[in-house]
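Pasted the sequence and its predicted model underneath.
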Amino acid sequence: MSKVIYKVRILQYTIAKHLVADEEAGTITDWYEDELSGAAQAEFDRVLRSLSNLPLVDWDRPLYGIVHHQGETFGEIRFDEKSRKQYRPMGFPMPKQWRADPDLEEFVIVVGASKKMKIWTPRSALDAAVKRIRDIRKNGRSNLREYTSHLSI
(Lines give C-alpha, C1' and ligand atoms only; values in the text may rest on other atoms or scores of the structure.)
Protein backbone atom coordinates (compact mmCIF):
# COMPACT_ATOMS: atom_id res chain seq x y z
CA MET A 1 0.00 0.00 0.00
CA SER A 2 1.44 3.38 -0.97
CA LYS A 3 1.56 6.31 1.43
CA VAL A 4 -1.00 9.04 0.81
CA ILE A 5 0.50 12.51 0.39
CA TYR A 6 -1.75 15.26 1.71
CA LYS A 7 -1.75 18.83 0.46
CA VAL A 8 -2.70 20.26 3.87
CA ARG A 9 -1.37 19.18 7.27
CA ILE A 10 -4.00 19.41 10.01
CA LEU A 11 -2.79 20.74 13.37
CA GLN A 12 -4.60 21.06 16.70
CA TYR A 13 -4.29 23.40 19.64
CA THR A 14 -3.02 22.01 22.94
CA ILE A 15 -3.29 23.12 26.55
CA ALA A 16 -0.99 22.34 29.48
CA LYS A 17 -2.49 18.90 30.24
CA HIS A 18 -1.73 17.75 26.67
CA LEU A 19 1.94 18.63 26.86
CA VAL A 20 2.58 15.89 29.43
CA ALA A 21 0.32 13.38 27.67
CA ASP A 22 1.09 11.26 24.64
CA GLU A 23 2.11 13.03 21.47
CA GLU A 24 -1.32 12.74 19.84
CA ALA A 25 -3.14 14.54 22.67
CA GLY A 26 -4.81 17.86 21.98
CA THR A 27 -8.07 19.75 22.26
CA ILE A 28 -9.49 18.28 19.05
CA THR A 29 -8.49 14.73 20.00
CA ASP A 30 -10.33 15.27 23.31
CA TRP A 31 -13.40 16.67 21.53
CA TYR A 32 -13.35 13.83 19.00
CA GLU A 33 -13.17 11.13 21.68
CA ASP A 34 -15.49 12.75 24.25
CA GLU A 35 -18.14 14.54 22.18
CA LEU A 36 -18.56 12.74 18.85
CA SER A 37 -20.51 9.55 18.28
CA GLY A 38 -18.97 6.84 16.12
CA ALA A 39 -20.98 8.07 13.13
CA ALA A 40 -19.88 11.67 13.71
CA GLN A 41 -16.24 10.57 14.08
CA ALA A 42 -16.43 8.74 10.75
CA GLU A 43 -17.95 11.79 9.06
CA PHE A 44 -15.33 14.14 10.55
CA ASP A 45 -12.57 11.81 9.36
CA ARG A 46 -14.10 11.72 5.86
CA VAL A 47 -14.42 15.50 5.67
CA LEU A 48 -10.85 16.07 6.92
CA ARG A 49 -9.48 13.56 4.39
CA SER A 50 -11.37 15.34 1.63
CA LEU A 51 -10.24 18.80 2.67
CA SER A 52 -6.63 17.82 3.36
CA ASN A 53 -6.35 16.60 -0.24
CA LEU A 54 -7.24 20.06 -1.56
CA PRO A 55 -5.14 23.22 -1.49
CA LEU A 56 -6.54 25.65 1.11
CA VAL A 57 -7.60 28.05 -1.64
CA ASP A 58 -10.09 25.38 -2.80
CA TRP A 59 -11.69 24.83 0.63
CA ASP A 60 -15.31 25.96 0.30
CA ARG A 61 -18.90 25.05 1.11
CA PRO A 62 -20.38 22.68 1.82
CA LEU A 63 -17.38 21.37 3.81
CA TYR A 64 -15.84 24.69 4.85
CA GLY A 65 -17.15 28.14 5.70
CA ILE A 66 -15.90 31.49 6.94
CA VAL A 67 -16.70 32.90 10.41
CA HIS A 68 -16.35 36.51 11.60
CA HIS A 69 -16.20 37.21 15.34
CA GLN A 70 -14.60 39.93 17.48
CA GLY A 71 -12.81 41.41 14.47
CA GLU A 72 -11.27 38.05 13.49
CA THR A 73 -11.93 36.01 10.38
CA PHE A 74 -11.41 32.27 10.60
CA GLY A 75 -12.84 29.05 9.23
CA GLU A 76 -15.26 26.35 10.25
CA ILE A 77 -15.08 22.78 9.04
CA ARG A 78 -18.69 21.78 8.38
CA PHE A 79 -20.22 18.36 8.81
CA ASP A 80 -23.50 16.96 10.07
CA GLU A 81 -24.48 13.83 11.91
CA LYS A 82 -27.55 11.88 10.90
CA SER A 83 -29.30 13.27 14.01
CA ARG A 84 -29.07 16.65 12.27
CA LYS A 85 -26.51 18.00 14.67
CA GLN A 86 -24.26 20.46 12.85
CA TYR A 87 -20.63 20.17 13.85
CA ARG A 88 -18.36 23.17 13.31
CA PRO A 89 -14.76 22.72 14.48
CA MET A 90 -13.05 26.07 13.95
CA GLY A 91 -9.56 27.12 13.03
CA PHE A 92 -7.42 29.03 10.59
CA PRO A 93 -4.86 28.54 7.80
CA MET A 94 -1.34 28.84 9.17
CA PRO A 95 0.49 31.75 7.51
CA LYS A 96 3.34 30.55 5.29
CA GLN A 97 6.05 32.18 7.41
CA TRP A 98 4.89 30.18 10.47
CA ARG A 99 4.70 26.76 8.82
CA ALA A 100 7.12 23.98 9.78
CA ASP A 101 7.55 23.32 6.06
CA PRO A 102 6.82 26.42 3.92
CA ASP A 103 5.87 24.15 0.99
CA LEU A 104 3.15 22.28 2.93
CA GLU A 105 -0.01 24.19 3.80
CA GLU A 106 -1.32 23.83 7.36
CA PHE A 107 -4.73 24.34 8.93
CA VAL A 108 -4.93 24.68 12.72
CA ILE A 109 -8.14 23.52 14.42
CA VAL A 110 -8.45 25.44 17.68
CA VAL A 111 -11.85 24.42 19.04
CA GLY A 112 -14.44 21.72 18.44
CA ALA A 113 -18.05 22.87 18.47
CA SER A 114 -21.54 22.18 17.25
CA LYS A 115 -24.32 24.52 16.25
CA LYS A 116 -28.07 24.16 16.13
CA MET A 117 -30.29 27.05 15.09
CA LYS A 118 -27.48 29.59 15.66
CA ILE A 119 -26.81 28.31 19.19
CA TRP A 120 -23.22 27.15 19.70
CA THR A 121 -22.14 24.30 21.97
CA PRO A 122 -20.13 25.15 23.91
CA ARG A 123 -21.64 28.63 24.09
CA SER A 124 -18.15 30.11 24.40
CA ALA A 125 -16.89 28.39 21.21
CA LEU A 126 -16.48 31.56 19.13
CA ASP A 127 -14.76 33.44 21.96
CA ALA A 128 -12.49 30.45 22.63
CA ALA A 129 -11.57 30.24 18.94
CA VAL A 130 -10.59 33.93 18.87
CA LYS A 131 -8.61 33.63 22.11
CA ARG A 132 -6.67 30.59 20.87
CA ILE A 133 -5.97 32.08 17.44
CA ARG A 134 -4.60 35.20 19.12
CA ASP A 135 -2.53 33.02 21.47
CA ILE A 136 -0.96 31.23 18.50
CA ARG A 137 -0.20 34.54 16.80
CA LYS A 138 1.48 35.77 19.98
CA ASN A 139 3.31 32.60 21.06
CA GLY A 140 3.89 30.73 17.79
CA ARG A 141 3.74 26.98 17.30
CA SER A 142 4.55 25.90 20.87
CA ASN A 143 0.93 24.89 21.62
CA LEU A 144 0.36 22.98 18.38
CA ARG A 145 0.49 19.30 17.52
CA GLU A 146 -0.39 17.42 14.38
CA TYR A 147 -3.90 15.97 14.32
CA THR A 148 -3.88 12.54 12.70
CA SER A 149 -7.12 10.67 13.49
CA HIS A 150 -8.43 11.26 9.96
CA LEU A 151 -5.32 9.62 8.48
CA SER A 152 -6.19 6.13 9.68
CA ILE A 153 -8.35 4.57 7.01
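Happy to help now that I have it.

Kindly state the beta-bridge partners for the spatially most central residue of the chain.
Nearest to the geometric centre of the chain sits residue 109, at 2.5 Å (C-alpha atoms, centre = their mean). On the basis of DSSP bridges, residue 109 is bridged to residue 12, residue 91.

give me every residue that touches it.
Residue 109 makes contacts with 10-13, 27-28, 77, 89-91, 147, as judged by C-beta atoms under 8 Å, 6 or more residues apart in numbering. All C-beta atoms are positioned from the backbone trio N, CA, C, and that covers glycine.

By pLDDT, give me the weakest of the residues you listed.
Lowest pLDDT among these: residue 27, with 85.

That one - nearest residue in space that isn't next to it in sequence?
By the measure of C-beta to C-beta, 6 or more residues apart in numbering, the closest residue to residue 27 outside its immediate chain neighbours is residue 13, 5.0 Å from it.

Repeat that for residue 62.
residue 78 is the one closest to residue 62 (C-beta to C-beta, 6+ apart), at 6.2 Å.

Could I get the pLDDT score of that neighbour?
Reported pLDDT for residue 78: 96.

give me the number of residues near it?
Number of residues near residue 78 (other C-beta atoms under 10 Å) recorded here: 17.

which ones are touching it?
Here residue 78 is in contact with 47, 61-65, 86-88 (C-beta under 8 Å, 6+ apart).

how about 7 Å then?
62-65, 88 (C-beta atoms under 7 Å, 6 or more residues apart in numbering).

hang on, the earlier thing: in the contacts of residue 109, which residue is surrounded by the most others?
residue 12 (29 neighbours).

That residue: what's it in contact with?
Residue 12 touches 26-29, 109, 145, 147, counting by C-beta under 7 Å, 6+ apart.

which one of those is nearest residue 137?
Ranked by distance to residue 137 (C-beta to C-beta), the contacts of residue 12 are led by residue 109 at 15.7 Å.

At which residues are the strands of this structure located?
Taking DSSP state E to define them, one finds strands in the chain at 8-13, 64-69, 72-77, 79-80, 86-87, 90-93, 105-111, 114-116, 119-121, 144-146.
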